[in-house]
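Asker: with the input below, show me the fold.
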Amino acid sequence: MMFSTQTIMYWSIVVATVTAFIHIAFGVAVMNDATNLKSSNPNSLKFVGPFFWMLTVLLGGVLIVGLYWLIHHSSLNNESIHNTSQ
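Answerer: Residues are numbered from 1 along each chain as shown. Below is the predicted model:
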């Protein structure tokens, strides 16, 4: 099956657009979550502030979202365990 150049370009644009929307959606979600974490406890946010977490998610995508969750919300975070037990 042969694909024309136009078909390949079309699907490349579709994939790039969907990827951009996913990165933006996750970036906004991480920004909101990081802002909430910072407002509830200023020391609970690790490494950088909400804006830089959003930028790293925009550039890094789903892997950085997973890293953010692992650092801030997983059971590996000691503060997360203490907050859920109260």
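
Asker: skip the chain neighbours and tell me the closest residue to the residue nearest the centre of the chain.
Answerer: The residue lying closest to the centre of the chain (C-alpha atoms, centre = their mean) is residue 65, at 3.2 Å. Spatially, and ignoring its direct neighbours in sequence, residue 65 is nearest to residue 26 (4.9 Å; C-beta to C-beta, 6 or more residues apart in numbering). Yep, even glycine has a C-beta here, placed from its N, CA and C like the rest.

Asker: give me every residue that touches the one you found.
Answerer: The contact partners of residue 26, by C-beta atoms under 8 Å, 6 or more residues apart in numbering, come to 57, 61-62, 65.

Asker: cool, and residue 29?
Answerer: Contacts of residue 29 by C-beta under 8 Å, 6+ apart are residue 65.

Asker: and if you look at residue 33?
Answerer: Going by C-beta under 8 Å, 6+ apart, residue 33 touches residue 72.

Asker: quick check: it vs residue 44, distance?
Answerer: Distance of residue 33 to residue 44, computed by C-beta to C-beta, to the nearest Å: 11 Å.

Asker: between these two, which contacts overlap?
Answerer: What both residue 33 and residue 44 touch, as defined by C-beta under 8 Å, 6+ apart, is the set residue 72.

Asker: nearest to residue 14, of the contacts of residue 26?
Answerer: Using C-beta to C-beta, residue 61 comes nearest to residue 14 of the contacts of residue 26, at 17.0 Å.

Asker: list the contacts for that closest one?
Answerer: By C-beta under 8 Å, 6+ apart, residue 61 lies in contact with 19, 22-23, 26.
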